[in-house]
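Q: Below is the sequence, then the predicted model.
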Amino acid sequence: MGHTLGEAFALLASLDSRLLQVVGLSLRVSLSALALGTLLGLPLGAWLAVSRFRGRGAAIVAINALMGLPSVVVGVLVYLLLSRSGPFGGFGLLFSPAAMVAAQTVLVVPLIAAVSRQIVEEAWRDYAPELSLIGLSRWQSAFLLLADCRFALSVATLAGLGRAMSEVGAVMIVGGNIDGYTRVMTTAIALETSKGDLALAIALGLVLMAVILALNAAAYGLRAWAGRRYG
Amino acid sequence: MASAFRTLIAALLLAAGLPALAQDALVVASTTSTEQSGLFSWLLPKFEAATGIRVRVVAVGTGQAIDIGRRGDADVLLVHDRAAEDKFVADGWGIARRDVMVNDFVVVGPRDDPAGVRSVRGAAQALQRIDAARQGFVSRGDKSGTHAAELRLWKEAGIDPKRSPGYKEAGAGMGPTLNLAAAINAYTVADRATWAAFKNRQQLDLVLAGDPALFNPYGVIPVNPARHPHVKKEAAERFAQWLTSPAGQEAIAAFRADGQPVFFPNAR
C-alpha cells in the first residue's frame, strides 16, 4: 500500500495534457449535469414543499428513494433510450458526452429535489401565514423561499455535484469510455484498475478527490463572500 | 412531448459544449484485449494518417460488442469469437467478415504450479489437472470471446466447470479477472496481449501456452447498412480494408506489448 501510494505521487508529478483533458471532460460533463439537474430539481423540490395534493406523501417517498437510484441502472436505461434501436436513437447521441450529461442529470435531479424539498418545507412551515397574508400564490411563495434559502440549498447542489463527479456506472455504459472523447476520471480509474495498474488508479483517484475538494472549497468561499456582502 | 424532448436534447448538447459531433467519427466496437494491450493506440494514428478518418473505440467483451453492432450503435466490429461472428453475419447484421490477426490464449496460475500444469501439453489436460488437484480457477463468466474459448476447453476436457471444486466466475473483463486470480492465487485463461500488459501479477506466472486449441482469431465485420442505414459504410469498409491491407498487417506485426509481439497478422 505504502509503495503504491509512493508511486502514485511520483505519477502525479508527471501530470500530462492527456490527464488534464480527462479532468476537463469530467468537469464539463458533471457541471453541465449539475446545472441541468439544479434547474429541474430545485423547482421540483420547492413545488413538492408548498403544494398539497393526494399522493404527495407517496411522491416524497418516491423522490427520497430515487436518491438511492443505482447509477448502473440509470446507465442501462439511458443506453436503451439513446441506442440507435431505441426510441431516441435518431439523435445518434449514444457514446457521446451529451449522453453522459443526460445520465448524470437523471441521477442528480432526485437528490437535489429531495434535499431542497426538505429545506423549503421547513421554511414554508415558518412563513406560510405571512406569505399568504401578503397575497402570494403557492408558486410565488415557492420561488421566494428558494431565494431565501439559497445558502442552505447550496448543500443540495454540492451533494448533486458529489454524486455526479463520483459515479462510474452510468458514464461507463452510455459514454463507452472512449479514449480522448468520453473518458472521464472515474472511467479512467476503472480502466487502470482492470489493467492491474493500481498505482496509476490511485494517482487518478487522488486527482479526482483534489478536484472535488477544490470545487467544495470554491463553493464555501463563494458562500462566505456572498454572506458578508449580501447577508 | 417530442418537441419538449428536442429542447432537452438541444440543452444537453449546449450544456456539453458540443455541436452534434457524434456524426463524423467512425465508431468501432471491439474487445478489451485490443484496447488494454495498447494495440489501438498503436494502430489508430496510422489509420487516421492514411485515411483521414477519425476513430472512436468502445472496448467491451465480444458478446457486448456484437450486441452493440446488432443495435446499430457501432459502424464496425473487431472481435474474437468465431461462432458468434458467423451467427452475426448469418443473421444479416454484419457483412463480409474478414480475418485480421490471431493471438493466443495462455493459462496462467500460481508460480509454484500446485496442479502441475507445466508438465502437460494440452490446455484441456491442464484443466483436468486443475480440477483433479482441486485448485482454484477463475472464469471470465461474461460471455466474452475469451469466456467462449474457455468453455470450449472445459467441454473438450469433459468437465462441467460449475462442478469443479475451485471454479469461480468473475463476471468481468480480462483485467479484473486477472486481478481476482492474482488475489486468490488461482489459475485462469487469459489472452496473451492482456497478460503481457498486465501489471498486478503478484504470484501469477504463465504456466501453459502453445496448444493449437488456444489459437484466438480476430475478425473485422462492418455492420450491415441494409439493417442500419445510418452506419458510416464507406468509412467502415475502409477500416476493414486497411486492417487487412499490407500497411495494416505490417503495423499489426510491428506492435509490441511488454516487449513481445502478441498479435500476428493473418489476413488473406
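A: Looks like it came in fine. Numbers count the residues shown, from 1 in each chain, chains lettered A, B, ... in the order given.

Q: Report pLDDT for residue 27.
A: Reading this off chain A. In this model, residue A:27 is scored at 95, pLDDT.

Q: not what I meant, chain B
A: 96.

Q: Show me the contact partners of stretch B:112-124.
A: Here stretch B:112-124 makes contact (CB atoms under 8 Å, 6 or more residues apart in numbering or on different chains) with B:105, B:107, B:109, B:126, B:129-130, B:132-133, B:135, B:153, B:156-158, B:187, B:189, B:203, B:205, B:207-208, B:211, B:213-214. Quick note: C-beta positions are derived from backbone N, CA and C, even for glycine.

Q: Which positions in that stretch come out as buried?
A: B:113, B:115, B:117, B:120, B:122, B:123, B:124 (16 or more other CB atoms under 10 Å in any protein chain shown).

Q: Then stretch B:130-142?
A: B:130, B:131, B:135, B:136, B:137, B:138, B:139, B:140, B:141, B:142.

Q: The third one - nearest residue in space that isn't next to it in sequence?
A: In space, and not counting its chain neighbours, residue B:135 is closest to residue B:115: 4.5 Å by CB to CB, 6 or more residues apart in numbering or on different chains.

Q: For that neighbour, which three-state class applies?
A: Of the three states, residue B:115 takes coil under DSSP: H, G, I helix; E, B strand; the rest coil.

Q: With residue B:180 as the reference, measure out to it.
A: Distance from residue B:115 to residue B:180, counting by CB to CB, to the nearest Å: 18 Å.

Q: Turn the buried residues of stretch B:112-124 into TSV, columns for distance to residue A:167 and pLDDT.
A: Listed next are those as TSV, based on distance: CB to CB, whole Å; pLDDT from 0 to 100:
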residue	distance to residue A:167	pLDDT
B:113	41	97
B:115	41	96
B:117	41	96
B:120	46	94
B:122	45	94
B:123	40	96
B:124	43	96
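
Q: now the helices for the stretch 101-250 of chain B?
A: B:123-132, B:145-157, B:174-184, B:192-197, B:233-244, B:246-254 (DSSP state H, counting those that start in this stretch).

Q: so the third one versus helix B:145-157, what angle?
A: Spelled out, that is helix B:174-184. 60 degrees (axes from the mean of the first three to the mean of the last three CA atoms, to 10 degrees).

Q: Quick check: buried residues in helix B:174-184?
A: Quick answer for helix B:174-184 (16+ other CB under 10 Å): B:174, B:175, B:176, B:177, B:178, B:179, B:180, B:181, B:182.

Q: coming back round to it: and the residue nearest to residue B:135, how close does it get to chain A?
A: 23 Å (CB to the nearest CB, to the nearest Å).

Q: and chain A, which of its residues are near chain B?
A: A:28-29, A:32-33, A:35-36, A:83-86, A:88-89, A:91-98, A:100-102, A:105, A:176-179, A:181-182, A:191, A:193-198 (CB under 8 Å from any CB of the partner chain).

Q: For the host helix or strand of residue A:124, name the packing helices and strands.
A: Element membership of residue A:124 [criterion: DSSP states H and E] is helix A:97-133. Helix A:97-133 sits against helix A:17-50, helix A:56-66, helix A:71-82, helix A:138-148, helix A:150-166, helix A:169-175, helix B:2-15, with contacts defined as 3 or more CB pairs under 8 Å, 6 or more residues apart in numbering or on different chains; DSSP states H and E.

Q: can I get those in a markdown table with mean neighbour count and distance to residue A:129?
A: Below are the helices and strands packed on helix A:97-133 laid out as a markdown table (neighbours: other CB atoms under 10 Å in any protein chain shown; distance: least, CB to CB, whole Å):
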| stretch | mean neighbour count | distance to residue A:129 |
| --- | --- | --- |
| helix A:17-50 | 21 | 13 |
| helix A:56-66 | 14 | 20 |
| helix A:71-82 | 20 | 41 |
| helix A:138-148 | 17 | 11 |
| helix A:150-166 | 19 | 21 |
| helix A:169-175 | 27 | 43 |
| helix B:2-15 | 14 | 37 |
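
Q: Residue B:52 is nearest to which of the ones you listed?
A: Proximity to residue B:52, assessed across the helices and strands packed on helix A:97-133 by CB to CB, is greatest for helix A:17-50 (21.9 Å).

Q: shouldn't residue A:72 be in contact with residue A:171?
A: No. Judged on CB atoms under 8 Å, residue A:72 makes no contact with residue A:171 at a distance of 10.4 Å.

Q: what kind of secondary structure is residue A:203 in?
A: From three-state DSSP, the assignment for residue A:203 is helix.

Q: Number of residues surrounding it?
A: 25 (other CB atoms under 10 Å in any protein chain shown).

Q: returning to what we had before: could you identify the buried members of the residues of chain A next to chain B?
A: A:28-29, A:32-33, A:35-36, A:83-84, A:86, A:88-89, A:91-98, A:100-102, A:105, A:176-179, A:181-182, A:191, A:193-198.

Q: Could you check how far residue A:168 is from residue A:74?
A: Taken as CB to CB, the span from residue A:168 to residue A:74 is 12 Å.

Q: Give me the below-cutoff pLDDT ranges for the chain.
A: All of this refers to chain A. A:1-3, A:8, A:10-15, A:231 (pLDDT under 70).

Q: Switch to chain B, please.
A: B:1-23.

Q: From chain A, how far off is the residue most central in space within it?
A: The residue lying closest to the centre of chain B (CA atoms, centre = their mean) is residue B:31, at 3.0 Å. According to CB to the nearest CB, residue B:31 and chain A sit 13 Å apart.

Q: My guess is that residue contacts residue B:145. True?
A: Yes. If you go by CB under 8 Å, residue B:31 and residue B:145 touch, sitting 6.2 Å apart.
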